[in-house]
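**Q** Just to be clear, the model below is a prediction. Sequence and coordinates:
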Amino acid sequence: MLLLGASGAGKSTLIAALAGVLGDDEGGEELGDLRVGGHPARQARGRVGLVLQDPDSQVILARVGDDVAFGCENLGIPRDEIWPRVREALDAVGLEVPLDYPTSQLSGGQKQRLALAGVLAMRPGLLLLDEPTANLDPAGVSEVRDAVARVLERGRSTLVVIEHRVDVWIDVVDRVIVLDSDRGIIGDGTPDEVLHRNGSELAATGVWVPGIVPPHSRRDRRRGEVMLRTDDLVIGRHKDAPLRDRFNLELRAGGALAITGPNGSGKSTLGLTIAGLLPPVAGRVLASGLAGGLGDEPIGWRSSELVSRVGSVFQDPEHQFLAGTVREELAVGPRVLKLGRLETSARIDEIAGRLRLAALLDANPFTLSGGEKRRLSVATALITRPPLLVLDEPTFGQDSRTWAELVALLAELLDSGTAVAAVSHDVAFVDAVADQTLALGEREVVK
């Protein structure tokens with residue numbers, strides 16, 4: 001079953017309930033009866049495998065092999081059976097690293113594969129996947145989908161998968177259910193019945209319907225002065241472990257650079273280095289067009305100096321949340337800039353309205369859906385109006401409406417002279433926004 005719906009419709013909440021991990025009565029309200037295999041969901045945990053939106057939240061142990069084995073060990077599976085399962089699961093999801101490889105050194109996409117491998121090794125009766133391919137490169141998407149399809153062919157599992165991009169799973173599932181936050185279930189049937197007969201109506205609610213592309217227009221690209229350039233840049237998370245070398249890039253006012261490539265190739269590391277948040281292993285990042293009297297290298301700037309010059313969006317939005325409400329989160333940057341109360345309030349209202357966060361201003365950021373968290377992280381970067389944006393997977397978890405609105409907002413910023421560097425596997429986003437693409441597997445800028 002493919003579970004669809006606009007961002008915030010309750011999809012992740014539903015499968016958390018199916019997994020028996022939603023919480024008890026003290027954590028919220030629950031009406032009706034929910035059973036898995038004839039038993040209350042909380043009593044069926046050993047028969048259910050759940051892959052969450054945030055792969056970091058499912059990494060338990062320090063080594064890859066141990067982490068995949070963890071679920072099997074908790075189920076009491078004999079040791080001599082566990083390790084063949086571990087190797088089989090890692091092969092199935094295409095995570096080609098040694099069993100003793102540190103989980104802390106995996107990229108976000110590799111952690112997604114790791115989480116899925118741990119669940120597949122358990123061989124659950126009910127397999128619940130929440131955006132399992134969102135941060136994967138195209139090859140990884142195919143590998144993960146095919147691995148799940150093979151599990152289903154064995155007849156041992158029922159699948160419920162949440163995925164905004166319908167075309168990935170359409171040939172794997174035999175049922176589609178569409179949720180709406182106000183109306184409940186608004187579609188239930190075979191893929192053909194739900195998507196073809198009601199495609200236009202569903203697309204209007206934000207569902208990604210195959211063949212219906214969200215409206216957006218390509219920019220009239222006019223780039224200005226150089227805002228930032230790299231000089232023989234070598235990147236890496238550690239000085240003694242460089243990932244890539246010899247980047248010579250230019251980011252110009254009004255220009256958008258898309259950074260693409262396989263999982264683990266260094267895309268996020270490059271973004272963090274450009275943004276002044278990671279030191280180069282060698283070479284330099286020079287931002288004379290942003291410096292305004294500071295030194296030319298962003299790594300030497302203080303956080304209060306960065307916030308008005310470079311807006312960063314991390315791969316994991318939760319890593320940059322600091323406050324207890326959405327409103328307070330959006331006020332952090334303006335407060336650092338010492339903006340007045342009225343100006344801060346006006347900016348919050350504007351960006352919250354543009355990114356469909358206005359109804360969530362009093363909510364805790366950590367209680368938002370995955371797509372809402374991503375929009376909030378983008379909003380925190382935009383609200384200080386920096387001349388350079390460095391965005392890591394900015395369209396993660398977005399329905400077709402919020403995707404189109406985000407693309408339109410970035411296009412406006414580009415037209416006003418903002419420079420953008422975006423790490424993305426989203427082909428449609430790259431096509432709509434970028435005027436240059438850096439494919440890390442090829443090491444050159446494609447005009």
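**A** Arrived safely, thanks for sending.

**Q** low pLDDT regions in the stretch 101-250 of the chain?
**A** 217-221, 239-241, 244 (pLDDT under 70).

**Q** ok, now with 90
**A** 104-113, 116, 131-157, 163-168, 180-183, 192-193, 195-224, 236-246 (pLDDT under 90).

**Q** what ranges do the strands span in the stretch 201-350 of the chain?
**A** 226-235, 244-247, 250-252, 256-260, 282-286, 310-313 (DSSP state E, counting those that start in this stretch).

**Q** I'd like the distance between Ser7 and Val68.
**A** Distance from Ser7 to Val68, counting by Cβ to Cβ, to the nearest Å: 31 Å. Just so you know, the C-beta spots here come from the backbone N, C-alpha and C atoms, and that holds for glycine as well.

**Q** I'd like the domain boundaries of this structure, if you could list them.
**A** Domains of the chain are assigned by automatic domain parsing as 2-205, 226-446.

**Q** Nearest to His216, out of those domains?
**A** domain 226-446 (4.9 Å; Cβ to Cβ).

**Q** thinking again about what came up before, so can I have CSV of the domains of the chain showing mean neighbour count?
**A** Output for the domains of the chain, formatted as CSV (neighbours: other Cβ atoms under 10 Å):
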stretch, mean neighbour count
domain 2-205, 18
domain 226-446, 19
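
**Q** could those domains go into CSV alongside distance to His216?
**A** CSV is the format used below for the domains of the chain (distance: least, Cβ to Cβ, whole Å):
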stretch, distance to His216
domain 2-205, 14
domain 226-446, 5
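
**Q** Determine which of these approaches Gly211 most closely.
**A** Among these, the nearest to Gly211 by Cβ to Cβ is domain 2-205 (7.4 Å).

**Q** Just the terminal-to-terminal distance for the closest one.
**A** End-to-end distance for domain 2-205: 17 Å, by Cα to Cα, to the nearest Å.

**Q** how much space is there between the residue nearest in space to the middle of the chain and Ala422?
**A** In the chain, the C-alpha nearest the mean C-alpha coordinate belongs to Phe396, at 3.9 Å (Cα atoms, centre = their mean). For Phe396, the distance to Ala422 (Cβ to Cβ) stands at 12 Å.

**Q** what's the answer for Pro280, then?
**A** Where Ala422 is concerned, Pro280 sits at a distance of 20 Å (Cβ to Cβ).

**Q** And for Ala69?
**A** 36 Å.

**Q** Wait, Val144 touches Ala134, no?
**A** No - look at Val144 against Ala134 with Cβ atoms under 8 Å: they stay out of range, at 10.5 Å.

**Q** residues shared between the contacts of those two?
**A** Gln112 (Cβ atoms under 8 Å, 6 or more residues apart in numbering).

**Q** where's the closest residue to Ala117 other than its chain neighbours, which helix or strand?
**A** Nearest residue to Ala117, sequence neighbours excluded (Cβ to Cβ, 6 or more residues apart in numbering): Ala89, at 4.0 Å. Ala89 belongs to helix 79-93 when assigned by DSSP states H and E.

**Q** Need the residues that contact that helix.
**A** 64-65, 68-69, 72-73, 77, 96-97, 99, 113-114, 116-118, 120-121, 123, 143-144, 147, 150.

**Q** which residue packs closest to Arg42, ignoring adjacent ones?
**A** Going by Cβ to Cβ, 6+ apart, Arg42 has Gly20 as its nearest residue, at 4.0 Å.

**Q** what about the one you found, which SS state?
**A** Classification of Gly20 using DSSP: H, G, I helix; E, B strand; the rest coil returns coil.

**Q** What distance do you get for it to Arg35?
**A** Taking Cβ to Cβ, one finds Gly20 at 11 Å from Arg35.

**Q** so what sits against both of those two?
**A** Ala41.

**Q** Next, the buried residues of stretch 202-216.
**A** Leu202, Ala203, Thr205, Gly206, Val207, Trp208, Val209, Pro214, His216 (16 or more other Cβ atoms under 10 Å).

**Q** got those residues as a markdown table, with distance to Ile351 columns?
**A** Formatted as a markdown table, these follow (distance: Cβ to Cβ, whole Å):
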| residue | distance to Ile351 |
| --- | --- |
| Leu202 | 28 |
| Ala203 | 26 |
| Thr205 | 23 |
| Gly206 | 20 |
| Val207 | 25 |
| Trp208 | 24 |
| Val209 | 28 |
| Pro214 | 20 |
| His216 | 19 |
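
**Q** Tell me the one among these nearest to Leu322.
**A** Closest to Leu322, out of all of the buried residues of stretch 202-216 and judged by Cβ to Cβ, is Gly206, at 28.7 Å.

**Q** centre of the chain versus stretch 257-266, how much separation?
**A** 14 Å (Cα atoms, centre = their mean, to the nearest Å).

**Q** now stretch 405-420
**A** For stretch 405-420, the distance to the chain centre is 20 Å (Cα atoms, centre = their mean).

**Q** Just the CA trace of that stretch, in PDB.
**A** Only the C-alpha atoms of stretch 405-420 are listed here, as PDB (Å, rounded to 0.1, in the frame of the first residue of the first chain):
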ATOM      1  CA  GLU A 405       5.800  27.500  -3.800                       C
ATOM      2  CA  LEU A 406       9.400  26.900  -2.700                       C
ATOM      3  CA  VAL A 407      10.700  27.000  -6.200                       C
ATOM      4  CA  ALA A 408       8.800  30.200  -6.900                       C
ATOM      5  CA  LEU A 409      10.300  31.900  -3.800                       C
ATOM      6  CA  LEU A 410      13.800  30.900  -4.700                       C
ATOM      7  CA  ALA A 411      13.300  32.100  -8.200                       C
ATOM      8  CA  GLU A 412      12.300  35.500  -6.800                       C
ATOM      9  CA  LEU A 413      15.400  35.600  -4.600                       C
ATOM     10  CA  LEU A 414      17.600  34.700  -7.500                       C
ATOM     11  CA  ASP A 415      16.100  37.400  -9.700                       C
ATOM     12  CA  SER A 416      16.800  39.900  -6.900                       C
ATOM     13  CA  GLY A 417      20.500  39.000  -6.900                       C
ATOM     14  CA  THR A 418      20.800  36.300  -4.200                       C
ATOM     15  CA  ALA A 419      23.300  33.500  -5.000                       C
ATOM     16  CA  VAL A 420      22.300  29.900  -4.300                       C
END
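
**Q** ok, and what's touching that stretch?
**A** 214, 216-217, 219-220, 224, 227-228, 251-257, 354-356, 375, 378, 382, 386-391, 394-395, 398, 429, 432-433.

**Q** Now that stretch: average pLDDT?
**A** Regarding stretch 405-420, the rounded mean pLDDT is 94.

**Q** For the closest residue to Leu126 other than its chain neighbours, give me its contacts.
**A** Leaving aside its chain neighbours, Leu126 sits nearest to Val48 (4.6 Å; criterion: Cβ to Cβ, 6+ apart). The neighbours of Val48, taking Cβ under 8 Å, 6+ apart as the test, are Leu18, Ala19, Gly20, Val36, Ala41, Pro124, Gly125, Leu126, Leu128.

**Q** ok, those vs Ile235, which is closest?
**A** Leu128 (35.9 Å).
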